[in-house]
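Enquirer: Turn this into a structure:
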Amino acid sequence: MTTLDEVYKQTEDKMGKALEATRSEFSGVRTGRASTALVDRLHVEAYGASVPLKQVASVSTPDARTLQISAFDRSTVGAIRKAIETSDLGLNPNVDGSNIRLSIPPLTEERRKDLVKIVHKKAEEGKIAIRNVRHKGIDEIKSLHKDHKITEDEQKRAGDQVQKMTDKYIKDVDALTQSKEKEIMEV
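Expert: Okay, the predicted model is just below:
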């Protein structure tokens with residue numbers, strides 16, 4: 001048997017996860033600055049399997065425009081280079097022994113605008129996920145009312161509560177979007 005508190009908790013948890021997913025998506029969007037998050041989602045063909053880059057190398061940022069990838073095993077350097085070249089990052093790896101350097105070029109105005117569009121698209125996907133969670137929460141509240149577990153007044157209050165949660169998380173996504181947009185447009 002579900003209670004209203006359980007519905008609130010599940011809804012809040014799922015909205016929090018949607019917000020985190022959006023934040024994680026934003027970290028993969030390239031700005032003019034070097035960030036280790038850029039290569040977080042890269043997978044390397046090593047040891048007969050596709051493994052995350054972090055399992056075969058360490059990533060650091062020696063300066064604001066450079067990423068340095070240090071392979072744990074020299075035999076994986078070629079695979080790491082290939083993973084970077086075939087990714088959508090648009091960066092050229094510079095191999096030096098077991099180290100790979102990535103120079104992050106400054107972004108053109110046109111590229112910045114494209115990145116802002118991508119950020120807005122990802123933000124909208126996050127908002128849609130949050131609204132879907134709201135919809136499920138409200139459906140659960142309606143079924144509680146239908147099963148006579150809560151009164152009509154409680155149903156109304158619960159719906160308002162879920163809407164307040166939704167508004168809060170949508171506002172958080174908007175704030176994330178604005179800060180990422182500012183970061184991208186910064187020259």
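
Enquirer: And the helices in this structure?
Expert: Taking DSSP state H, the helices of the chain run over residues 4-27, 77-86, 109-146, 152-185.

Enquirer: Report all helices and strands that the second one contacts.
Expert: Contact partners of helix 77-86 among helices and strands, from 3 or more CB pairs under 8 Å, 6 or more residues apart in numbering; DSSP states H and E: strand 43-46, strand 66-71, strand 93-96, strand 99-103. Where C-beta positions appear, they are placed from N, C-alpha and C, glycine not excepted.

Enquirer: which residues are in contact with that helix?
Expert: Identification of contacts with helix 77-86 by CB atoms under 8 Å, 6 or more residues apart in numbering yields 39, 42-46, 53, 56-57, 69, 71, 91-93, 95, 98, 100, 102.

Enquirer: Report the buried members of those.
Expert: Neighbour-count burial (16 or more other CB atoms under 10 Å) is assigned, among the contacts of helix 77-86, to 39, 42, 44, 46, 53, 56-57, 69, 71, 91, 93, 98, 100, 102.

Enquirer: burial measure for residue 113, as a count.
Expert: 13 (other CB atoms under 10 Å).

Enquirer: Dihedrals phi and psi, the residue nearest to residue 61 when sequence neighbours are not counted?
Expert: Closest residue to residue 61 apart from its sequence neighbours, by CB to CB, 6 or more residues apart in numbering: residue 34 at 4.5 Å. Per-residue torsions, residue 34: phi -70, psi 130 (degrees, to the nearest 10).

Enquirer: is it true that residue 34 touches residue 69?
Expert: No. With contact defined as CB atoms under 8 Å, residue 34 does not reach residue 69; the gap is 11.3 Å.

Enquirer: Show me whatever sits in contact with both of these two.
Expert: residue 102.

Enquirer: Quick check: buried residues in stretch 60-78?
Expert: Applying 16+ other CB under 10 Å to stretch 60-78 flags 61, 67, 68, 69, 71, 76, 77 as buried.

Enquirer: Would you mind pulling the contact partners of stretch 110-126?
Expert: Outside stretch 110-126, the residues that reach it (CB under 8 Å, 6+ apart) are 18-19, 21-22, 25-26, 29-31, 107, 173-174, 176-177, 180-181, 184-185.
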